[in-house]
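S.K.: Pasting the sequence and the predicted coordinates here, then a few questions.
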Amino acid sequence: MRQTFYQKHGVTNHADVATSFANLAILLRIKGELKKAEDLCKRSLKMREDLYIRDGVKAHRDLEESYNELAIILTKKAELSRKANPNLSREFDKEAVLVFKKSLDMCRELYIKNGVAPAHPSVADALHNFRNALMRTEGRTKETDALYNEFDEMMSILLSMRAKENPDVATPFSILGRLFGDDARRNWKCS
């Protein structure tokens, strides 16, 4: 394992080790081993925080991905515990909301505030995830409606960019597909 190699050479934190932990966490989540997945994801997250958050740097793509994966794991744990232990399920949902918010804030910092683009698929995805997590914990509120409107505006920009042969053209349609499954009240025109 990479960790052993790096430990033998006196390296305690390395981006390759953090990436290996993150990839294993995803695999374990898919296999349904959520406790192990959460533990590895948190180790990866801690390692990435130590590596990337310093010297005025507030955001890094790998760190944002770790926050997002941790929130997905927490959401899955909430879903699985909903019938057996509703109180525990609510706690997982609340924690997922906080972690999805960190992911969204980091996406905005990386792609919007830094002027990369007026809209970015990663931000749209983070908006979608955060809004859904809020809807599970709080129901429909002014905040969830505002997030929906922001998402709607961002999707319009992303869809208009596809005409310019945007390499991320598939992402907006993927997000729209999930949106239709999550919230069929909107009538999107994708022409």
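M.R.: All right, it came through fine.

S.K.: Pass me the low-pLDDT residue ranges in this protein, would you?
M.R.: 1-12, 55, 116, 161-191 (pLDDT under 70).

S.K.: most centrally placed residue in it?
M.R.: Centroid-nearest residue in the chain, with C-alpha atoms, centre = their mean: residue 68, separated by 2.6 Å.

S.K.: Now that residue: phi and psi?
M.R.: The phi/psi pair for residue 68 (degrees, to the nearest 10) reads phi -60, psi -40.

S.K.: Just the element for the closest residue in space to it that isn't next to it in sequence, please.
M.R.: Sequence neighbours aside, residue 103 is the residue nearest to residue 68 in space, at 4.4 Å (criterion: C-beta to C-beta, 6 or more residues apart in numbering). Placement of C-beta: from N, CA and C, glycine included. Using DSSP states H and E, the element containing residue 103 is helix 86-107.

S.K.: Which other helices and strands does that helix contact?
M.R.: helix 61-81, helix 121-138 (3 or more C-beta pairs under 8 Å, 6 or more residues apart in numbering; DSSP states H and E).

S.K.: Mind doing that once more with 10 Å?
M.R.: Here helix 86-107 touches helix 34-52, helix 61-81, helix 121-138, going by 3 or more C-beta pairs under 10 Å, 6 or more residues apart in numbering; DSSP states H and E.

S.K.: got JSON lines for those helices, with distance to residue 153 too?
M.R.: Formatted as JSON lines, the helices and strands packed on helix 86-107 follow (distance: least, C-beta to C-beta, whole Å):
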{"stretch": "helix 34-52", "distance to residue 153": "29"}
{"stretch": "helix 61-81", "distance to residue 153": "21"}
{"stretch": "helix 121-138", "distance to residue 153": "10"}
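
S.K.: Quickly note the distance from the residue nearest to the centre of the chain to residue 83.
M.R.: Look at residue 68 and residue 83: by C-beta to C-beta, to the nearest Å, they are 26 Å apart.

S.K.: same thing with residue 153?
M.R.: 37 Å.

S.K.: try residue 99
M.R.: 23 Å.

S.K.: Does residue 117 fall in a helix, a strand, or a coil region?
M.R.: coil (DSSP: H, G, I helix; E, B strand; the rest coil).

S.K.: Settle this for me: it is touching residue 123, isn't it.
M.R.: Yes. Counting by C-beta atoms under 10 Å, residue 117 touches residue 123, with 8.9 Å between them.

S.K.: out of these two, which sits in the more crowded spot?
M.R.: For residue 117 and residue 123, the more surrounded residue by other C-beta atoms under 10 Å is residue 123, and the numbers stand at 24 against 15.

S.K.: All set, thanks.
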